[in-house]
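In: Sequence and predicted model, in that order:
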Amino acid sequence: QVQLVESGGGLVQAGGSLRLSCAASGGTFSAFAVGWFRQAPGKEREFVAAISGSDDTLYDVDSVKGRFSISRDNAKKTVYLQMNSLKPEDTAVYYCAARGFVVSTMPNYDYWGQGTQVTVSS
């Protein structure tokens, strides 16, 4: 059984930065694709970024491309989401999720963390 734990969320002013971490236990982490999704109050969960087991990356171009960066450290079984130039509209609960090898922009991941709150003040 794979367990995912997110950390690194918090309150930041617009223009600031945060780095989210997604630590995994169980399973063969290097084989997993890991995605980040976010959900703002009253809105559907939306795709942010994902990284495959072979380090291919995928971003939601419209909202985060050029500001967010996803990376992974297989030795630490951790995936990171570096978020720069944050905007108030980035405020949401951020979730990481894992599935077998191939990235997806859909929430069809097998394992999910509990989420970490990111709040960006204007």
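Out: Looks like it arrived, so ask away.

In: okay, now residue 104: neighbour count?
Out: 15 (other C-beta atoms under 10 Å). Where C-beta positions appear, they are placed from N, C-alpha and C, glycine not excepted.

In: what's the answer for the one 4 residues further on, then?
Out: Neighbour count for residue 108, taken as other C-beta under 10 Å: 9.

In: if I pick residue 89, what's in contact with it?
Out: 40, 63, 120 (C-beta atoms under 8 Å, 6 or more residues apart in numbering).

In: Quick one: buried ones out of these?
Out: 63, 120 (16 or more other C-beta atoms under 10 Å).

In: and the contacts of residue 89 as a markdown table, adding distance to residue 77?
Out: A markdown table is the format used below for those (distance: C-beta to C-beta, whole Å):
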| residue | distance to residue 77 |
| --- | --- |
| 40 | 28 |
| 63 | 27 |
| 120 | 28 |
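
In: In helices only, show me the contacts of residue 89.
Out: residue 63 (DSSP state H).

In: which one of the contacts of residue 89 sits closest to residue 12?
Out: Within these, the smallest distance to residue 12 is 5.7 Å, found for residue 120 (C-beta to C-beta).

In: contacting residues around the closest one?
Out: By C-beta under 8 Å, 6+ apart, the residues touching residue 120 are 11-14, 16, 86-91.

In: Residue 15 too?
Out: By C-beta under 8 Å, 6+ apart, the residues touching residue 15 are 85-86.
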